[in-house]
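Q: Starting from these lines, generate the structure:
(one chain, ligands or ions: 1)
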Amino acid sequence: MNIVTVKNDMQLSDVASSQILKAIENKPDLVLGIATGGTPAGTYQQLVKKVQLKSVDLSNIKTVNLDEYVGLARDHEESYWHYLHEHLYGPLELSPDQAIIPNGLNKKLEEECVRYEQAIQQVGGVDLQILGVGRNGHIGFNEPGTSLDSKTHVVELTDSTRQANARFFEDPSEVPTRAITVGISTIMKSRSILLLASGEEKAAAVSALLSGKIDKNWPVTILNEHPDVTLVVTEDAKAEEQGHAG
Ligand code: PGA
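A: Prediction:
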């Protein structure tokens, strides 16, 4: 694993956005895996600025979302469809055709999961997957205990995750209880992974990862088996003594 330790969010966003830009310059039809949440927001902001500054053509990229809440309308401010459009598609004027995203409103959720897994395969799989990590070690919405062989599936969100995400909702009871997420095996098929971790609340998850052991209760640790991972981590997210979770 390649580890880049940075002082703060600003530096994290700078390093991560430069890596994404480089990947797009190397492969103009890049399939980019999109994480949502607080951590990558600054990265997308800086990516937009850099793309505009260099007039990079993004019309051939595709994006693949990691996850989507079940039951939120697309235009709900906290849906990940909305996040994608607010942070990337709007400012970069990308065509909605370039976005592959789970439909959390599909009444037939199991069919939606199968469709989504196929849709990812149809674009040739993800070239570069951006990932955040939950304070409980989840990647995507693959909560602790998720099978390492999992494909796209519906999850019941843990209390820890719902509480962490409540900060984005006016009323915490509005946080959906379920989501569609790509699986751990889906993530592991990405050709490269850019994992972002910021803040002391991520230190336990980062510590588990850096212990080098694979532990189903800390899904992020599976990335130790991936051949091409770059971790961009702030000093405070790396502060915990190694061995905490091992
Ligand atoms: P965050 O979420 O970036 O909002 O902390 C990360 C995650 O839950 O994967």
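
Q: quick one, what contacts the residue nearest the centre of the chain?
A: Central residue of the chain (Cα atoms, centre = their mean): residue 35, 2.4 Å from the mean position. When contacts are counted by Cβ atoms under 8 Å, 6 or more residues apart in numbering, residue 35 touches 66, 129, 130, 131, 132, 140, 196. Where C-beta positions appear, they are placed from N, C-alpha and C, glycine not excepted.

Q: and of the residues you listed, the nearest to the ligand?
A: Top of the list for closeness to the ligand, among the contacts of residue 35 and by Cβ to the nearest ligand atom, is residue 132 at 3.3 Å.

Q: ok, the closest one touching residue 194?
A: No. Checked against Cβ atoms under 8 Å, the pair residue 132 and residue 194 is beyond contact range at 10.2 Å.

Q: The contacts of residue 35 also near the ligand: which ones?
A: Counting by Cβ under 6 Å from any ligand atom, the subset of the contacts of residue 35 that neighbours the ligand consists of residue 132.

Q: would you turn the contacts of residue 35 into CSV with pLDDT, secondary structure and neighbour count?
A: Formatted as CSV, the contacts of residue 35 follow (pLDDT from 0 to 100; DSSP: H, G, I helix; E, B strand; the rest coil; neighbours: other Cβ atoms under 10 Å):
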residue, pLDDT, secondary structure, neighbour count
66, 98, coil, 28
129, 98, strand, 28
130, 98, strand, 26
131, 98, strand, 24
132, 98, coil, 22
140, 97, coil, 28
196, 98, strand, 27
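
Q: Can you give me every residue that contacts residue 17?
A: Per Cβ under 8 Å, 6+ apart, neighbours of residue 17: 43, 44, 46, 47, 50.

Q: Reduced to three states, what does it come out as?
A: helix (DSSP: H, G, I helix; E, B strand; the rest coil).

Q: Please report the distance of it from residue 58.
A: 13 Å (Cβ to Cβ, to the nearest Å).

Q: Can you name the residues of the protein sitting close to the ligand?
A: 37, 38, 39, 132, 133, 134.

Q: Only the buried subset of the residues you listed, as a PyMOL command please.
A: Only the buried entries of these go into this PyMOL selection, using 16 or more other Cβ atoms under 10 Å:
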select buried, resi 37+39+132+133+134
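
Q: Serialize the residues of the chain next to the ligand to a markdown table and add fields for distance to residue 154 and secondary structure.
A: Converted to a markdown table, these look like this (distance: Cβ to Cβ, whole Å; DSSP: H, G, I helix; E, B strand; the rest coil):
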| residue | distance to residue 154 | secondary structure |
| --- | --- | --- |
| 37 | 19 | coil |
| 38 | 24 | coil |
| 39 | 24 | coil |
| 132 | 20 | coil |
| 133 | 21 | coil |
| 134 | 17 | coil |
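
Q: Same list, the residues of the chain next to the ligand, but as CSV with distance to residue 10 please.
A: Output for those, formatted as CSV (distance: Cβ to Cβ, whole Å):
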residue, distance to residue 10
37, 17
38, 14
39, 13
132, 17
133, 19
134, 22
